[in-house]
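Engineer: Quick one, structure for this:
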Amino acid sequence: MTEQDPARIGPFRLVARLGRGGMGRVYLGREESTGRHAAVKTIHGELAADAEFRTRFTQEVNAALRVADAYIAEVLAADPAAPIPWLATAYVPGISVEDAVRKYGPMPAESVRVLGFCVARAVSAIHAVGLVHRDLKPGNVLLTAQGPKVIDFGIARGVGDEGLTKTGMVAGSPPYMAPEQLTTGNFGTASDVFSLGAILHYAATAAGPYGRGGAQELYARALAVGPVVAPELPEAIAVPVARALERDPNQRPRAADLVVALEQQPGEKPEPGWLPGNVTQEILTQATEALNTASAAYRETVAPTQRMPQQPPPPAPAPRQAPQQAPRPMPQQQPQQQRAQPVGAAPGPAPQGFRPPYPQSGPPSHPSNPRVPYGQPQQAFPPGYPQTPPRATPTPARPIYQNPVPGYPQRPGTPPSGTQYPYAARPGATNGMGTAGLVLSLVGLLMPIALPFGIIFSGIGLSRAKPQRLPDGPAKAGLAVSLIAVFAWIIILIIVQNRT
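Structural biologist: Take a look at the predicted model:
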């Protein structure tokens, strides 16, 4: 916020900027009566002086008030006739499809499918009241954990309205506009369907139906070639998107038909985790930063709480048994804090005996009951209160037994210094690998092919014996038998070869 920004608009106290567009600024506001946050959109002064533009903005307000859907940002209040026209919608903590794809790349096929039927429902609700959005694009669809939200009815108008667009003026975003809007300026419900297909195409491939490039290049490609469906489009959305991007508007389906084509079951809703993890984390981060900024800015604008003058402590009665002893000082009373007054109300003294509410952390829920951060921890005893004197005689430290140490008795069962505990196998434990190695070594006396396996198994059994406290006798015997058998078979082969 700067000095040029208004402090409040209507019932909203403005606390931060959310963005700036071609028509005006968008602020983060807080409604003082309910504590609800809102996105307050204002119009530039030069545009507000234009009678034609003010008529269009009045139509935007009327259009937004007529449309109600779970995937459209709710309108809270508006005043198109004010000196600075404004429109307030519910604050949606999210990230636009354009920013999500630009930062994290194309979205998964399932996320694009859910995005498709949710936005198709919103567009169908717009068409149901006889309106056309006319500026559907990835930047006007916000991704939230509960589902997408369609925003910005900046140039929405009725199908039969005329004379609200200047000659030669193309209203919309060319990379996502239908061919008929680019060539003749005609529009209809089918134009919104084309823009919806372009949004899904961009979300899945990071490119619109006219490809990538500058504005002039895309405009020329749209007129010469027309929309082209990318071959890498996911199969789950390829057919509905291809139908929505038909060059002939009469061949495109209705928005309600796209809802049916993209839903897996009627009435389906976005489930938790419908977005990739990095996008969800980005949404939570932005929402936390925005709300923290709003809370901090709001606390700075609220009148500081006033404190009552500190009262002297009451005199303590003298003890009866020992009048010569000075009375022990009592802790001073903490100063009473006055309840925070609502914004605009005159502050007054707090009633006697009133105690402020226990401080809580987080954003303020209402001006009449603000939440404040936890303060410094209070001392257990106030200054001047007699403390417990330290112990006069320290407790002797317990002796640490070191073996052997002269002067200290040796613990029973402790081996002498420098000795090691002997290795002892667990009672009843068997060494399966060592036994298998011994058996294979014995078989190798008759079949030499078993000798390598006998050596391997005996070695494994011997390596496991000590760590696992297993008997190592079978493993050692297997290795010995295997070596004897190897030498015996070598001698036999030499004798046989000499005779032949």
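
Engineer: In the chain, where's the longest strand?
Structural biologist: strand 12-20 (DSSP state E).

Engineer: what is the mean pLDDT for that one?
Structural biologist: Averaged across strand 12-20, the pLDDT comes to 87.

Engineer: ok, now stretch 221-235?
Structural biologist: 89.

Engineer: Just the buried positions in that stretch, please.
Structural biologist: By neighbour count with 16 or more other Cβ atoms under 10 Å, stretch 221-235 contains the buried residues 221-222, 227, 229, 233-234. C-beta coordinates here come from the backbone N, C-alpha and C atoms, glycine included.

Engineer: Excluding its own residues, what touches it? List them.
Structural biologist: By Cβ atoms under 8 Å, 6 or more residues apart in numbering, the list of residues contacting stretch 221-235 from outside reads 109, 112-113, 174, 177, 179, 182-183, 194, 198, 201, 204-205, 207, 209-211, 213, 238, 241-242, 245, 247.

Engineer: Can you give me the end-to-end span of that stretch?
Structural biologist: 25 Å (Cα to Cα, to the nearest Å).

Engineer: Make residue 1 into 690 and carry on from there
Structural biologist: That works, and once the first residue is 690, the last one we named lands at stretch 910-924.

Engineer: what comes up buried for the longest strand of the chain?
Structural biologist: The neighbour-count check on strand 701-709 (16+ other Cβ under 10 Å) flags 701-705 as buried.

Engineer: swap in stretch 959-970?
Structural biologist: 959, 963-965, 968-969.

Engineer: gap between the two ends of it?
Structural biologist: 17 Å.

Engineer: Run through who's touching it.
Structural biologist: By Cβ under 8 Å, 6+ apart, stretch 959-970 touches 784, 789, 793, 796-797, 799-800, 803, 807, 832, 834-836, 972.

Engineer: at 10 Å instead, please
Structural biologist: With contacts defined as Cβ atoms under 10 Å, 6 or more residues apart in numbering, stretch 959-970 is touched by 759-760, 783-784, 786, 788-790, 792-794, 796-797, 799-800, 802-804, 806-807, 832-837, 971-972.

Engineer: So which of those residues sit within strands?
Structural biologist: 784, 832-833, 836-837.

Engineer: Can you lay out these as TSV showing distance to Ser1130, neighbour count and pLDDT?
Structural biologist: Shown next, in TSV, are the ones in strands among the contacts of stretch 959-970 (distance: Cβ to Cβ, whole Å; neighbours: other Cβ atoms under 10 Å; pLDDT from 0 to 100):
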residue	distance to Ser1130	neighbour count	pLDDT
Ile784	69	20	92
Leu832	68	27	95
Thr833	70	17	92
Gly836	70	22	94
Pro837	71	28	96
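
Engineer: any idea which of the buried residues of stretch 959-970 is closest to Ile1180?
Structural biologist: Pro965 (70.5 Å; Cβ to Cβ).

Engineer: From Thr691, how far off is the closest one?
Structural biologist: Noted for Pro965: a distance of 36 Å to Thr691, by Cβ to Cβ, to the nearest Å.

Engineer: which SS state does Leu736 fall under?
Structural biologist: helix (DSSP: H, G, I helix; E, B strand; the rest coil).

Engineer: Next up, the contacts around it.
Structural biologist: Leu736 neighbours (Cβ under 10 Å, 6+ apart): 711-713, 742-743, 745-746, 774.

Engineer: now do Pro938
Structural biologist: 867-870, 875-880, 882-883.

Engineer: Need the max-distance pair from these.
Structural biologist: Among the contacts of Pro938, the pair separated by the greatest distance (Cβ to Cβ) is Pro868 and Thr878, at 15.4 Å.

Engineer: Now do the same contact list for Tyr865.
Structural biologist: By Cβ under 10 Å, 6+ apart, the contact list for Tyr865 reads 824-829, 883-888, 890-891, 897-899, 907.

Engineer: If you could redo that for Pro1156, that was the one I meant.
Structural biologist: For Pro1156, counting by Cβ under 10 Å, 6+ apart, there are no contacting residues.
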